[in-house]
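>>> Show me the folded form of this:
(one chain, ligands or ions: 1)
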Amino acid sequence: MSNKVIINHKISQFKKTINVSGDKSISIRWVLFSSLASGVSKAKNLLMSEDVKAALNAIKQFGIKSEFKNNICKIFGKGINGYKYKEKIVIDAKNSGTLGRLILGLLINSPYPVKLIGDKSLSKRDFTRVTKPLSKFGATFQLNKNKTLPLKIIGSKNLVPINYLENKGSAQCKSSIIFGGIRANGTTVIKARKSRNHTEILCKYLNLPITVKTKKNFDQIKIKNVKKIKPLNYNIPSDISSSAFFIVLTALTKNSRIIIKNININPSRIGIIIILRKMGVKITFKNQRIYKGEKIADIKVKSPKNLKSINCPSKLNSGAIDEFLVIFLVAAKAKGISFFKNLDELNQKESPRLKLGSEILNKIGIKTILTKNSIKIFGNPNLKVTKKIVIKNYLKDHRIFMTSVIAALSLGGNWTIHDKDSINTSFPHFMKIINNLKK
Ligand code: S3P
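Numbering: from 1, shown residues only. Below you'll find the model as predicted:
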């Protein structure tokens, strides 16, 4: 089957209600917590993407079985110390930074070396951001010379708690240390710049010994050694990061409206909503509710008449970190110059997205000024792409593929977009939903 998509027509106006797939961050965390539980955990609407399958496969290496039937995933946990370690275990985190980084926190007591590998994109990403703090617990790491995968972790029996300052706003780093803290003897104290807090919410829901004190820019988290975790039955809400593509498609398509059902609108994840509202997009939350500590709602979006540029406050960066590529498209169509700053972390993703996002905007005729951590986008409300655009060799970044599809459908031009299979990382049904919107 062809692995590229050709688009040479804009989408016509639409008014639709859609469902997107389960939240990736929560799905991976559910797998990891359930693998430590005493008994069987069940999840509905688990994201069955490559990243989550890699997580299920990783726990299988330690003897933790799972089963997927009739849309329900079961994990047969064997308790907090139930991992069966043996020599020569290799875990393949594939494309998933979240899996690779979080699971290392759980492996700091491994009696044997465990090898962690990943795909080409993950093997370019820095792992010292977690191995350095995790080694303070007492674990030992052997990394590739570039601070990257493949790596080996060798755990310790005498794990000591640590004090850790997380200064990047990275939920992966924070969560990896929380998992380490669960294993260490004593109280681990984390001062973390604000970032998504699903791990803390799950710890609280599971009655684990965690406290979180919220300060203005930082949270102080204390986590103690955990003796037991109860099974975790969970109805996974849908992913705001997947809904982002449809929010932007609606914002950029005249006279359109969309309702996206059952989305996790955790305040640490709604950066895109706040940013797009400031740019003039009408977005409302319907049917708001709380589920196991997480906020859920249906998101309603109406296309606006005009889009305004934005000088994006850096405090919104972490809450929109996976959405900037599509947000840049809105800036490309807005009146005026938009400015996004302090975005060093965006170049640390599945691909260097700040740099590549700018490159794609230039391809469609939008002027940008790029620095190592910021971008100015010179918007053009009359932007109409008429050229041939080829999107190829972007490290198979799933979000670059999906952003390009949205650009093609909303801005016009003749697009050939390669690496369609990259969507299997986070959103396998993406093209199906796009095709239904066209009907
Ligand atoms: C994630 C955290 C973010 C995000 C990633 C998922 C998580 O990464 O980009 O897609 O589930 O914790 P960082 O924590 O590195 O910013």
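>>> list the contacts for the spatially closest residue to Val226 that is not a sequence neighbour?
Excluding the flanking residues, the one nearest Val226 by Cβ to Cβ, 6 or more residues apart in numbering is Ile182, at 4.4 Å. Backbone N, C-alpha and C define where each C-beta goes, glycine included. Residues in contact with Ile182 (Cβ atoms under 8 Å, 6 or more residues apart in numbering) are Leu36, Ile80, Gly105, Leu106, Leu208, Ile223, Asn225, Val226.
>>> same question, Leu356
Leu356 sits next to Tyr394, Asp397, Ile400 when contact means Cβ under 8 Å, 6+ apart.
>>> Let me know the closest of those residues to Ile247.
Nearest to Ile247, judged by Cβ to Cβ, of the contacts of Leu356 is Ile400 at 17.6 Å.
>>> which SS class is that closest one?
Look at Ile400: counting by DSSP: H, G, I helix; E, B strand; the rest coil, its state is helix.
>>> What strand or helix carries the nearest residue to it once chain neighbours are set aside?
For Ile400, ignoring the flanking residues on the chain, the nearest one in space by Cβ to Cβ, 6+ apart is Tyr394 at 4.4 Å. Following DSSP states H and E, there is no helix or strand that holds Tyr394.
>>> What of Tyr164?
Here Tyr164, judged by DSSP H and E, is contained in strand 163-166.
>>> next structured bit after that strand?
helix 171-183.
>>> any chance you could map the helices in this structure?
Applying DSSP state H to the chain gives helices spanning 24-36, 50-60, 97-106, 128-136, 171-183, 198-205, 240-251, 271-278, 324-333, 353-363, 398-411, 430-438.
>>> Could I get those in CSV, plus columns for distance to Met1 and mean pLDDT?
As requested, those are arranged in CSV below (distance: least, Cβ to Cβ, whole Å; pLDDT from 0 to 100):
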stretch, distance to Met1, mean pLDDT
helix 24-36, 24, 98
helix 50-60, 17, 98
helix 97-106, 27, 98
helix 128-136, 37, 98
helix 171-183, 33, 98
helix 198-205, 34, 98
helix 240-251, 22, 98
helix 271-278, 32, 98
helix 324-333, 25, 98
helix 353-363, 25, 98
helix 398-411, 15, 98
helix 430-438, 12, 96
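>>> Can I get those helices in TSV including distance to Lys372?
Below are the helices of the chain laid out as TSV (distance: least, Cβ to Cβ, whole Å):
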stretch	distance to Lys372
helix 24-36	27
helix 50-60	28
helix 97-106	20
helix 128-136	18
helix 171-183	21
helix 198-205	30
helix 240-251	24
helix 271-278	21
helix 324-333	15
helix 353-363	8
helix 398-411	19
helix 430-438	31
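>>> now the ones you listed in CSV, with distance to the ligand?
Listed next are the helices of the chain as CSV, based on distance: least, Cβ to the nearest ligand atom, whole Å:
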stretch, distance to the ligand
helix 24-36, 3
helix 50-60, 9
helix 97-106, 4
helix 128-136, 8
helix 171-183, 4
helix 198-205, 7
helix 240-251, 7
helix 271-278, 11
helix 324-333, 10
helix 353-363, 10
helix 398-411, 9
helix 430-438, 16
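>>> Contacts only, for Phe324.
Contact analysis of Phe324 by Cβ under 8 Å, 6+ apart lists Phe340, Leu343, Leu346, Arg353, Leu354, Gly357.
>>> do you know how far it is from Arg129?
Using Cβ to Cβ, to the nearest Å, Phe324 is found at 20 Å from Arg129.
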